[in-house]
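Asks: sequence below, structure please.
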Amino acid sequence: MIQLSKILRQVPLFHTLGKESIDFIIQRLKFKTFNANDTVCQIGDPGDEMYIIISGKVKICIYSEDGKEQVVATLSSGDYFGEMSLLTGEPRSATVITTEDSEMFALHKNDFDVILEKFPSISISIGKIVSQRLRETLEKASHLPQVSKIEATQQGPQGSLKHVPLVDLIRFCESNSVTGTLRVKNNSQEGTLEFKAGQLQEVKLSDMSEDEALDTMLNWQDGFFAIELRPLKLDRFKEDETKEVEIRNVLILSNSLVVQKIIERALTSMGYSISKAKNITDGAEVFRQRNIDLIVSDIKLPDGDGLKLIETVREIKETPIVFLGESNLKPEYRAMFDAHKDIKITQGHEVSEIVQLIEHFNQNE
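Replies: Numbers count the residues shown, from 1 in each chain. Got it, this is the predicted structure:
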C-alpha cells in the first residue's frame, strides 16, 4: 500500500508539516484513473493541480519547434509532479503522458489555499522555494552571478538592489503570482509595493503619489529588498469581529441522495456532525431540534426555493447558509440572495468549494 503521508513529506512544500497537517491534506486528495497513453496535463494548461502516482508510470515531455518529443523524466508509483503549480499557478511547462494504466491522487489549488490558511507554517517552506526560484529566474534572465547572494528567510527572499534591480523584482512577483509585500530601502527611505496574486495593488513611499513613488524607487541603484509572502486570503462571510464562530453541526438539505452522500462523506471525514433532510419542512424540524451551526442546501427544494428556506430559518435563528449554485441562475435572482446576511452561493457542486466556505467561516480574523 502506498504511503501517502510519507510521500507528502517528501514534497518541498509539505516537508515541515506534522501528522495533523498531513492528514488534513490527505482528506482533500481526489482519486483519478488514467489509461495508457492518456495526457494528464500538457504544456500551457492551467497549473492548478499536483499529482501523486499510486500505480502506473508517466513520462514528462517537452517538444522542439518541429514538434519532436523529448522525454525529460519518467515517474512511477510513489513519485509526484506539479507541486510548484500549487504555489505559482503558472501554466504547465511540460506535458505529462501515462505510459501504462495509472492511478493517482490529485490536490487542487483551491484545496491547497484552504490548507495554507489552516497551516500558515507552510509559508516557511514557500519562502525558501520562492527564494530559490527567484535566483534561478533572474539568473536565466540576466546571467548575473551575483543573484546567488539572495538570501532565503522564513518570510521570503531578500537581498541587495545592487544585485537585483527593482524592475526585475516586480517582474518576478508578477510572473510568479506572488501575494505579499515587496519592501525596498535606500538609505533612510523605505517604500512598499503590495501584490495580490501577481497583481500590483498599491505603491507607497513617504507622502508621494503612487506614480512618483514608483519612478523614484525604480531609479534606486543600491539598497535592500525583502519579499514578505503571505497566503492569498479568500472571501469569507462578513462577521462581527467580536463574535466567535465555530461550526460543528451542519445540516444538508437536498432531494438528491447522491449529493447528500458526497457532501456528508467529505464533511464527516473532517470532524463535522451531519444532519440531513430532503425538504424545507423536514429541515426546519431538524433545525428546531438540534443545534445547527450552518446549512448546506440546494436552491430548489420540493416544497420551496432558497428564499423560502432563508425566511423559515431566520424565524428561528440567524444561521449561515451555503447554497449549491446552478449554472442557469439568473443575476436578478442571485441578487435577492445577496441581500441577506451570511448567505453564500457556490459556483457548482464541487465539495472543495463548499469546504472552503465552511473553513473560512470557521476562522476568525
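Asks: shouldn't residue 252 be in contact with residue 261?
Replies: No: taking contact to mean C-beta atoms under 8 Å, the distance of 9.4 Å between residue 252 and residue 261 leaves them out of contact. Where you see a C-beta, it was placed from the backbone N, CA and C, and this is true even at glycine.
Asks: neighbour count for the two, which is higher?
Replies: When residue 252 is set against residue 261 and neighbours are counted by other C-beta atoms under 10 Å, the residue ahead is residue 252, at 24 against 13.
Asks: could you dump the helix or strand hosting that one to CSV, C-alpha only?
Replies: If you go by DSSP states H and E, residue 252 is part of strand 249-253. The C-alpha atoms that make up strand 249-253 are tabulated as CSV, following Å, rounded to 0.1, in the frame of the first residue of the first chain:
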residue,chain,number,x,y,z
ASN,A,249,-23.0,20.8,13.2
VAL,A,250,-24.0,21.0,9.6
LEU,A,251,-27.5,20.4,8.1
ILE,A,252,-27.5,19.2,4.5
LEU,A,253,-30.7,19.9,2.6
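Asks: tell me the strands beside it, with direction?
Replies: In the sheet, strand 249-253 lines up against strand 273-277 (parallel), strand 294-298 (parallel) (DSSP bridges).
Asks: what residues sit buried inside the helix or strand following that strand?
Replies: Remark: after strand 249-253, the chain's next helix or strand is helix 257-269, criterion DSSP H and E. By 16 or more other C-beta atoms under 10 Å, the buried positions in helix 257-269 come out as 259-260, 262-264, 266-267.
Asks: identify the farthest-apart pair in these.
Replies: Across the buried residues of helix 257-269, no pair lies farther apart than 259 and 267, at 12.4 Å, counting by C-beta to C-beta.
Asks: for residue 307, what are phi and psi?
Replies: With angles defined as degrees, to the nearest 10, residue 307 shows backbone torsions of phi -70, psi -40.
Asks: that one: what's it in contact with?
Replies: For residue 307, the set of contacting residues under the criterion of C-beta atoms under 8 Å, 6 or more residues apart in numbering consists of 336-337.
Asks: going forward, count from 39.
Replies: Fine by me, first position is 39 from now on; the one you just mentioned is residue 345.
Asks: quick check: pLDDT value at residue 319.
Replies: The model reports residue 319 with a pLDDT of 93.
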